[in-house]
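In: turn this into a structure:
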Amino acid sequence: MAVDSADLSRRVTGRQASVGVVGLGYVGLPLLVRAATAGHPTVGLDVDRWKLGQLRRGLSYVEDVSDAVMTALAASDDVTLTEDAVALADVDVVHICVQTPVHKATKEPNLEFLLSAMDDVALHARAGQLIIVESTTYPGATEELLCARLSDRGLVVGEDVFVAFSPERVDPANKTHDLSNTPKVVGGVTERCTDLACAYYGALVETVVPVSSTSTAEMVKLLENTFRAVNIALVNEIAQVCHALDIDVWEVIDAAATKPFGFMPHFPGAGVGGDCIPADPHYLAWKARMRGVPCRLTELAQQINRDMPEYVVQRVSDALGRPVDGASILLVGVAYKPDVQDMRESPSWEVAKRLHGRRARVAYHDPHIPEARLNGAVLKSEALSPGLLRDADCVLVLTPHGGIDYDMIQTHSRLVVDTKNVLAPGGVTEGVVRL
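Out: Numbering: from 1, shown residues only. Next comes the predicted model:
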């Protein structure tokens, strides 16, 4: 029986609707916080008991959510943190925010977490709910996977329940753009689904961008991150060409960026990391192959980026003038991007693994990563000091965190390989080799 969607619309726009978030990671936790601080009663669901324990104690493991905020929410009677999916039956809006990686060997979508979340959501779904998928996936997945499960429960999408896809656009540690001021793309299964989802997000964020379907919204996310991957691969390739031609790639990029149209600067480095860019283009390529369309550029870009750690290791060897076997290498910055405590798919750590595999003596400094496991061994972040720098055969700058004393590095290191142009940018410095 069709439900009165007007009542749900009034509840979401009036911030009276209860909200459930499945998956409390880098996407789900900030979303839970935004909904709760906007006045919605909220339920946070995660299968990770460690995460739930931290959050209940008011401790955040996500840079964009402070302990102070989490402490206040954990003490609120309007916020429930649980591992029991039964709680989803009582909420009006459900978000699915679980990870969607790829299989390491095949680079094909690993939908294990998404399918498990959809099973839980569908099992406890009821008439009158709005269900929104935010996890990145292939075009068509929301309808093929979630709507089919709801239909098996006897629920008609667009009449009994309302389903939309809205791609997450989280950029950890971004001090300018957050959930509230980053435009939210929304595509529903039906027009009414889109309208309800837009009404809901309209009370949470400044700008909502409706699109014609869930597949369109899913494709938007894949385009955004494939665009990034391809352009990073291009500039990584250009960096290698410039090195072969004895041209400063950083000077080239800076000069090209003066063109006021038709150019957007990207910068080389050890590769790409995080949960999105290393994986999302593979979702696009996989789905395209299913339809007989090759994604040659996308797949080549991914390969170029995956090869960059090996290129960096070779540049270290070249700078030393010998193989890295037995060399003392100090890595500066090992998180996947600046100013985060996140090592997911970190190309910097892939460099560390390759150096260690070649029997280099590897140490690292990273103010955000107190310890990390390297090929079975546990390393702890070393405090920067003139003595530590002098003792290293090579200091390798990989992830340019703020707050690191780069002047000390430049002054006291015998040799620096700078992959991010943070030491004396724009100039030539003795003992510093730039990518």
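In: find the nearest non-adjacent residue to V69, please.
Out: Spatially, and ignoring its direct neighbours in sequence, V69 is nearest to V33 (6.1 Å; CB to CB, 6 or more residues apart in numbering). For every residue, glycine as well, the C-beta is placed using N, CA and C.
In: contact partners for H356?
Out: Neighbour list for H356: V362, L374, N375 [criterion: CB atoms under 8 Å, 6 or more residues apart in numbering].
In: separation between the last one and R359?
Out: According to CB to CB, to the nearest Å, N375 stands 11 Å off from R359.
In: check R228 too.
Out: Distance from R228 to R359, by CB to CB: 35 Å.
In: the two: who's more crowded?
Out: Neighbours per residue, other CB atoms under 10 Å: of R228 and R359, the larger number sits with R228, 17 against 12.
In: wait, isn't the more buried one in contact with I277?
Out: Yes - in this structure, R228 is within contact of I277 by CB atoms under 8 Å, at 5.5 Å.
In: confirm L81 sits in a strand?
Out: Yes - when DSSP: H, G, I helix; E, B strand; the rest coil is applied, L81 is found to be in a strand.
In: give me the element the residue nearest to it when sequence neighbours are not counted is part of.
Out: Spatial nearest neighbour of L81, chain neighbours left out: G44 (4.8 Å); criterion: CB to CB, 6+ apart. G44 is located in strand 42-45, with elements delineated by DSSP states H and E.
In: for the residue nearest to V69, give its distance to H177.
Out: Note on V33: its distance to H177, by CB to CB, is 16 Å.
In: now swap in L245 and tell me
Out: Applying CB to CB to L245 and H177 gives a distance of 37 Å.
In: can you give me the helices in the stretch 51-200 of the chain?
Out: All helices of the stretch 51-200 of the chain, identified by DSSP state H, counting those that start in this stretch, fall at 67-74, 112-123, 141, 148-152, 191-202.
In: quick one: residues in contact with the shortest one.
Out: Residues lying outside helix 141 but in contact with it, judged by CB under 8 Å, 6+ apart, are L111, L114, V133, E218.
In: ok, the second one to S413 distance?
Out: As judged by CB to CB, L114 and S413 stand 45 Å apart.
In: just the third one next, same as before
Out: In this structure, V133 and S413 are separated by 48 Å, where distance is defined by CB to CB.
In: same drill for the two, tell me which one is more crowded.
Out: V133 (30 against 24).
In: so the more buried one versus L234, what's the distance?
Out: Using CB to CB, V133 is found at 31 Å from L234.
In: now do G25
Out: 30 Å.
In: so which of these two has more stuff around it?
Out: Remark: of G25 and L234, G25 carries more neighbours, 18 against 15, as counted by other CB under 10 Å.
In: surely that one is in contact with Q99?
Out: Yes - assessed by CB under 8 Å, G25 is found in contact with Q99 at 6.6 Å.
In: in space, what's closest to A383 - neighbours in sequence excluded?
Out: H365 (7.2 Å).
In: one step back: partners of the strand holding G44 in the sheet?
Out: strand 19-22 (parallel), strand 79-82 (parallel) (DSSP bridges).
In: Serialize the ones you listed to CSV and add fields for distance to H401, mean neighbour count and mean pLDDT.
Out: Shown next, in CSV, are the strands paired with strand 42-45 (distance: least, CB to CB, whole Å; neighbours: other CB atoms under 10 Å; pLDDT from 0 to 100):
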stretch, distance to H401, mean neighbour count, mean pLDDT
strand 19-22, 29, 28, 98
strand 79-82, 31, 18, 97
